[in-house]
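In: fold the following and give me the result.
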Amino acid sequence: MLNDQLKYSKEVRWALEAGTPIIALESTIISHGMPYPDNLATARECERVARECGAVPATCAILRGKAHIGLDEEQLDFLARERGNVVKASRRDIPVLIARGMNGATTVAATMILASLAGIRVFATGGVGGVHRGAERTMDISADLEELANTPVAVVCAGPKSILDLPLTLEYLETRGVPVIGYGTDEVPAFYTRNSGLKVDYRMDTPGEIAAVIRTQKLIGYNGGMLVVNPIPEEFSMDPAAIDSAIARACAEAEEKGVRGKELTPYLLTRVTELTGGQSLGANIALVLNNVKLAAAIAARI
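Out: Here you go, the predicted model:
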């Protein structure tokens, strides 16, 4: 069983035994989401902010065939530097990587699975995957959405990544019964920007309100999770026209080059960073840290 393959860092094991708040963190943002050394600096800062806010960070990954809940400095550095030797790991990849003794950086879906196995109920990330633009032709829909429907973990993010088809992503979440909770907002944020024109299911203005819903899910044996959308801080929000133009160009280039599947999101994020002169990377880092703060506050109240 996968549970037998879980390896906890000393800090996470202590927190589980002591009942200290813990938040899960993904590792694809390190290996596939950002360039080196920004990826390593961001990973370290996410962990620092979590601790500063009273929660133990549990960055998840698969290393040498073992599922790790919590990483040490050497392991974070490995993921940041060895990008080409680390698989982008979603649900389908976990058993193969473990059986073969391979290395994998966990996506939102895979991190949710490992977090749930460890009993961690809150997970902070940048943005979730969803329905890609043109999915009516390609059927490219992220496994993140199915995981949200089936795994009892609350995912705190700045909305679905804006490279996606946001209306269709929200329709999919509605169909699968995933509540979308807006923290201090009535609109779903569009990752790099604070507004999308699309409504959340429920607005909640305090971490305690969100924690109460998580407790209720556990109490009634609710099988799914929830999506908590937290707008990017105002000072880092990008100009909608500029970011939309960069995304449209990146998507067109990906189509021309035939970039699909698990390579598509890393390609688009990298290309958008290039097209915005690095501004989107700065926004990405700011929103991730903002989500870590909120996740820690929620975890402290469960």
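In: CA atoms only for stretch 80-88, dumped as CSV, please.
Out: Below are the C-alpha coordinates for stretch 80-88, written out as CSV (Å, rounded to 0.1, in the frame of the first residue of the first chain):
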residue,chain,number,x,y,z
ALA,A,80,15.2,23.0,-8.2
ARG,A,81,18.4,22.0,-10.0
GLU,A,82,17.6,18.6,-11.6
ARG,A,83,14.5,19.8,-13.5
GLY,A,84,15.2,17.5,-16.4
ASN,A,85,15.5,14.4,-14.2
VAL,A,86,12.3,14.9,-12.3
VAL,A,87,8.9,13.6,-13.7
LYS,A,88,5.9,15.9,-13.5
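In: list of residues touching that stretch?
Out: With contact meaning Cβ atoms under 8 Å, 6 or more residues apart in numbering, stretch 80-88 is reached by 28, 30-32, 36-37, 39-40, 43, 79, 93, 97, 102-105, 107, 262, 266. For glycine as for every other residue, the C-beta is placed from the backbone atoms N, C-alpha and C.
In: please flag which of those sit within strands.
Out: Secondary structure of these is defined by DSSP state E; positions in strands are 104-105.
In: just the buried residues out of the contacts of stretch 80-88, in ChimeraX syntax.
Out: A single ChimeraX command suffices to select whichever of those are buried according to 16 or more other Cβ atoms under 10 Å:
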select :28,30,31,32,39,40,43,79,93,97,102,103,104,105,107,262,266
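In: distance-wise, check residue 184 relative to residue 268.
Out: Using Cβ to Cβ, to the nearest Å, residue 184 is found at 28 Å from residue 268.
In: I should have written residue 120 there, sorry.
Out: Per Cβ to Cβ, residue 120 is found 29 Å from residue 268.
In: again, but for residue 12
Out: Note on residue 12: its distance to residue 268, by Cβ to Cβ, is 32 Å.
In: do a quick rundown of the helices in the stretch 1-150 of the chain.
Out: Listed in chain order, the helices found in the stretch 1-150 of the chain under DSSP state H, counting those that start in this stretch are 10-18, 28-31, 38-52, 73-81, 94-100, 108-117, 135-138, 143-150.
In: let's have these in JSON lines, adding distance to residue 192.
Out: Below are the helices of the stretch 1-150 of the chain laid out as JSON lines (distance: least, Cβ to Cβ, whole Å):
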{"stretch": "helix 10-18", "distance to residue 192": "31"}
{"stretch": "helix 28-31", "distance to residue 192": "15"}
{"stretch": "helix 38-52", "distance to residue 192": "16"}
{"stretch": "helix 73-81", "distance to residue 192": "23"}
{"stretch": "helix 94-100", "distance to residue 192": "30"}
{"stretch": "helix 108-117", "distance to residue 192": "18"}
{"stretch": "helix 135-138", "distance to residue 192": "21"}
{"stretch": "helix 143-150", "distance to residue 192": "18"}
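In: highest average neighbour count across these?
Out: With neighbours defined as mean count of other Cβ atoms under 10 Å, those peak in mean count at helix 28-31, which reaches a mean of 29.
In: what helices or strands is that one leaning on?
Out: helix 38-52, helix 73-81, strand 87-89, strand 104-106 (3 or more Cβ pairs under 8 Å, 6 or more residues apart in numbering; DSSP states H and E).
In: what's the spacing between it and its chain's center?
Out: Averaged C-alpha coordinates place helix 28-31 at 10 Å from its chain's average position (Cα atoms, centre = their mean, to the nearest Å).
In: got the contact list for that helix?
Out: In this structure, residues lying in contact with helix 28-31 by Cβ under 8 Å, 6+ apart are 39-40, 42-43, 59, 76, 79-80, 82-83, 86, 88-89, 105-107, 125-126, 288.
In: mind checking the end-to-end distance for stretch 157-171?
Out: The first residue of stretch 157-171 is 18 Å away from its last residue (Cα to Cα, to the nearest Å).
In: contacts only, for the closest residue to residue 26 other than its chain neighbours.
Out: Leaving out its chain neighbours, the residue that sits closest to residue 26 by Cβ to Cβ, 6 or more residues apart in numbering is residue 111, at 4.2 Å. Residue 111 makes contacts with 24-27, 60, 123, 125, as judged by Cβ under 8 Å, 6+ apart.
In: fine, thanks again, bye for now.
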